[in-house]
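>>> no sequence on hand, only this structure:
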């Protein structure tokens, strides 16, 4: 449930819109001059959480594929055969549907089993 925190300051009263993220942490949706604006902002963010479309803005906007191809794999110092295995195993994941997920996105347990190949 989204809620409002009222703050009295030197410049008057402001209203902070608060909601819980998918992990249950309190998050601010901003400070507003009216209670109505604050409630709307808090409700909007809460709806994103409930719909599964909420994105943690500080986690960045790089996709899994971009991360694998530009950061992770080039910085691995391994034998050639190990690198070839990484490319083969990660290639299908990074180029498939999971490749377009944002790095900050949560993977479901079923998705991880498919990714790692365990049953």
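Happy to help now that I have it. Here the structure is a predicted model, which is why all the values come from computation and not from measurement.

>>> how far away from the center of its chain is stretch 44-63?
On the basis of C-alpha atoms, centre = their mean, to the nearest Å, stretch 44-63 sits 5 Å off its chain's mean C-alpha point.

>>> what's the mean pLDDT across that stretch?
The average pLDDT within stretch 44-63 is 79.

>>> endpoints of stretch 28-36, how far apart?
End-to-end distance for stretch 28-36, by C-alpha to C-alpha, to the nearest Å: 15 Å.

>>> quick check: residue 46 touching residue 18?
No - applying C-beta atoms under 8 Å as the test, residue 46 and residue 18 come out as separate, 9.6 Å apart. C-beta here means a position set from N, CA and C on the backbone, and glycine is covered the same way.

>>> which neighbours do those two share?
Here residue 46 and residue 18 share the contacting residues residue 2, scored by C-beta atoms under 8 Å, 6 or more residues apart in numbering.

>>> domains for this structure, by residue range?
What automatic domain parsing lists as the domains of the chain is 3-54, 60-116.

>>> dump the ones you listed into TSV; add mean neighbour count as well.
Output for the domains of the chain, formatted as TSV (neighbours: other C-beta atoms under 10 Å):
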stretch	mean neighbour count
domain 3-54	14
domain 60-116	13
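
>>> lowest mean pLDDT across these, which one is that?
For the domains of the chain, mean pLDDT drops lowest on domain 60-116, to a mean of 68.

>>> what is the top helix by length along the chain packed up against?
Taking DSSP state H as the criterion, the chain has its longest helix at helix 35-51. Using 3 or more C-beta pairs under 8 Å, 6 or more residues apart in numbering; DSSP states H and E as the contact criterion, the elements in contact with helix 35-51 are strand 3-9, strand 12-20, strand 26-32.
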